[in-house]
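Peer 1: Provided below are the primary sequence and the corresponding predicted coordinates.
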Amino acid sequence: MTAKKQTASESKEAVRKKTVSVYVPSDGTGAFLEGALNGVSFRIPTDTVVEIPENVAKVIEESRKTVKESARAVESFAKNGGRRIGGVR
């Protein structure tokens with residue numbers, strides 16, 4: 001048996017075909033979630049289920065987690081009068 005050599009364009013096509021259904025809730029900033037991934041822009045409608053590439057979904061998920069973690073850190077910082085918690089000044 002001979003293995004078929006996969007070209008770069010074929011591998012990009014395979015990645016593009018891997019899609020997932022996602023629901024992106026609106027965060028009050030608009031009707032779309034807009035951004036770019038590796039130089040490719042995207043505009044995803046919020047408050048509706050859409051099919052998007054799996055790699056874009058992962059980036060959105062990581063980004064949303066970071067925003068939530070940052071908001072918690074800022075809230076904690078503000079509750080303590082703007083002082084660091086557990087850190088050395």
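Peer 2: Arrived safely.

Peer 1: Is it correct that residue 81 falls within a helix?
Peer 2: No - the assignment for residue 81 (DSSP: H, G, I helix; E, B strand; the rest coil) gives coil, which keeps it out of a helix.

Peer 1: Endpoints of stretch 32-42, how far apart?
Peer 2: 10 Å (CA to CA, to the nearest Å).

Peer 1: what's next to that stretch, contact-wise?
Peer 2: Stretch 32-42 is contacted from outside by 24, 43, 44, 45, 46, 52, 55, 56, 59, 60, 63, using CB atoms under 8 Å, 6 or more residues apart in numbering. Heads up, the C-betas are built off the backbone N, CA and C, glycines and all.

Peer 1: Give me the pLDDT for residue 62.
Peer 2: On pLDDT, residue 62 comes in at 85.

Peer 1: Residue 41 now?
Peer 2: 83.

Peer 1: That one: how many residues sit nearby?
Peer 2: By other CB atoms under 10 Å, 8 other residues sit near residue 41.

Peer 1: any idea how far it is from residue 47?
Peer 2: In this view, residue 41 and residue 47 are 21 Å apart by CB to CB, to the nearest Å.

Peer 1: Quick one: residues contacting the residue minimising distance to the centre of the chain.
Peer 2: Nearest to the mean C-alpha position of the chain, by CA atoms, centre = their mean, lies residue 60 at 1.2 Å. Residue 60 sits next to 22, 24, 33, 35, 44 when contact means CB under 8 Å, 6+ apart.

Peer 1: repeat for residue 21
Peer 2: So residue 21 contacts 49, 50, 51 (CB under 8 Å, 6+ apart).

Peer 1: of all those residues, which comes closest to residue 18?
Peer 2: Closest to residue 18 out of these is residue 51 (10.6 Å), distances taken as CB to CB.

Peer 1: I figured the closest one was touching residue 20, is that so?
Peer 2: Yes - in this structure residue 51 lies within contact range of residue 20 using CB atoms under 8 Å: 7.2 Å.

Peer 1: who's more crowded, those two?
Peer 2: Neighbour count, other CB under 10 Å: between residue 51 and residue 20, residue 20 has more, with 13 against 9.
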